[in-house]
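Colleague: model the structure of this input:
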Amino acid sequence: VTTITYTARDGAFNRASCDTKMEVVDNSRPTVRCSDNIQQFADENCEGTVPDIGSSIDNCGIASTKQSPSAGKNVGLGDTFITYTATDNNGNIASCSTVLTVINIGELDVRCSPSVRLQADANCQAMVPSIGDARAGCGNSVPSQEQYPSAGTIVSMGEIETIEFNARDERTSASSSCSAEVVIEDTTPPVQARQSPMCLWPANDNYHCESLSTLYQGTDNCGIQELSYIGCSSIPAYDDYCDPNCFYDETSGQVCFRARQIISYNVEARAVDIHDNESIFSRRVEVPAVPLDDGSCVSASAVFDSSCGKGKGKGK
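Modeller: Below you'll find the predicted structure:
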């Protein structure tokens, strides 16, 4: 505050005066300047470094400046708002801001699994998995990715041999691709259905013959391609080459059983699916003491005579 005095004097040397106080006030804010928006390439850690962005002047002097985030601080990918603030000696404040954009531009790295082995399901099919990944620069995922067939697609065995994966970095227009070989495996053996024993009647010593496909009921996820005869045993045992209880006739491809009273047979066959998985199927054939009331017994008819002329079969 400054005091100003005014004095006046007349011809008789009389005087008079008055005082005025003047206060100089600073209402002007500092002048601040910030850099234009800044772009940086990300380092190997996917980060950028905040630079000094501001400067300031003031008619009465700058008391302090502040920047947030401070210069030298590491920031991640994308946009970071940086504010610079200056305060003058009289408490006037001004600020400005700049946007720092950290950009990840680097070599596009695309990787695929070298091969994929899938297990066929109950329908002899498999679900295509995701086989690839793409990275660029410091390691962020590239948003534009495409796989054919796409992950989750259901395919049958033999339908595809490779899966293709493509990636594109939209920022640099760089693109790359890779592929994986696909093997769909079937390791599931055939499964025999639950079957009741076959009943053979009347017990008249005649033979009854059935094909393997009639004797056995089974399923396989990819299909049964072959049923082959293994052997037949009887309880009680009876062994006569010329007159066996049961045998396999190679000409007709049938298993023949002799309807002897109170005897049972166990017949085994090998079931092989289209991918060479195999199981042993077993079926019981019984000749009861009396016929069953439900009419489920098959008729024992004289298919072969009782001489050794039927030797075209294999005993037991």
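
Colleague: list the buried residues of stretch 14-29.
Modeller: When neighbours are counted by 16 or more other CB atoms under 10 Å, the buried residues of stretch 14-29 are found to be R29. Heads up, the C-betas are built off the backbone N, CA and C, glycines and all.

Colleague: tell me the mean pLDDT for it?
Modeller: Stretch 14-29 shows a mean pLDDT of 85.

Colleague: let's have the chain start at 14 instead
Modeller: Noted, 14 is the first residue going forward, which turns the last one into stretch 27-42.

Colleague: now the terminal residues of that stretch, how far apart.
Modeller: Using CA to CA, to the nearest Å, one end of stretch 27-42 lies 48 Å from the other.

Colleague: show residues contacting that stretch.
Modeller: Stretch 27-42 is contacted from outside by 14-22, 71-73, 101-103, 105-107, using CB atoms under 8 Å, 6 or more residues apart in numbering.

Colleague: if you set the cut-off to 6 Å instead, what comes out?
Modeller: Stretch 27-42 is contacted from outside by 14-22, 72-73, 103, 105, 107, using CB atoms under 6 Å, 6 or more residues apart in numbering.

Colleague: how about low-confidence regions in the stretch 14-163 of the chain?
Modeller: For the stretch 14-163 of the chain, the stretches with pLDDT under 70 are 118, 152-156.

Colleague: before we move on, back to that, just the buried ones from the contacts of stretch 27-42?
Modeller: When these are checked for burial by 16+ other CB under 10 Å, the buried set is N103, N105, A107.

Colleague: related to what we said a few turns ago, as a markdown table, the contacts of stretch 27-42 with secondary structure and distance to I66 would be great.
Modeller: Shown next, in a markdown table, are the contacts of stretch 27-42 (DSSP: H, G, I helix; E, B strand; the rest coil; distance: CB to CB, whole Å):
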| residue | secondary structure | distance to I66 |
| --- | --- | --- |
| V14 | coil | 39 |
| T15 | strand | 40 |
| T16 | strand | 45 |
| I17 | strand | 45 |
| T18 | strand | 50 |
| Y19 | strand | 52 |
| T20 | strand | 56 |
| A21 | strand | 59 |
| R22 | strand | 62 |
| N72 | coil | 23 |
| C73 | coil | 24 |
| N103 | coil | 24 |
| N105 | coil | 20 |
| A107 | strand | 14 |
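
Colleague: in the residues you listed, find the pair that's most separated.
Modeller: Longest distance between any two of these is 49.7 Å, between R22 and A107; criterion CB to CB.
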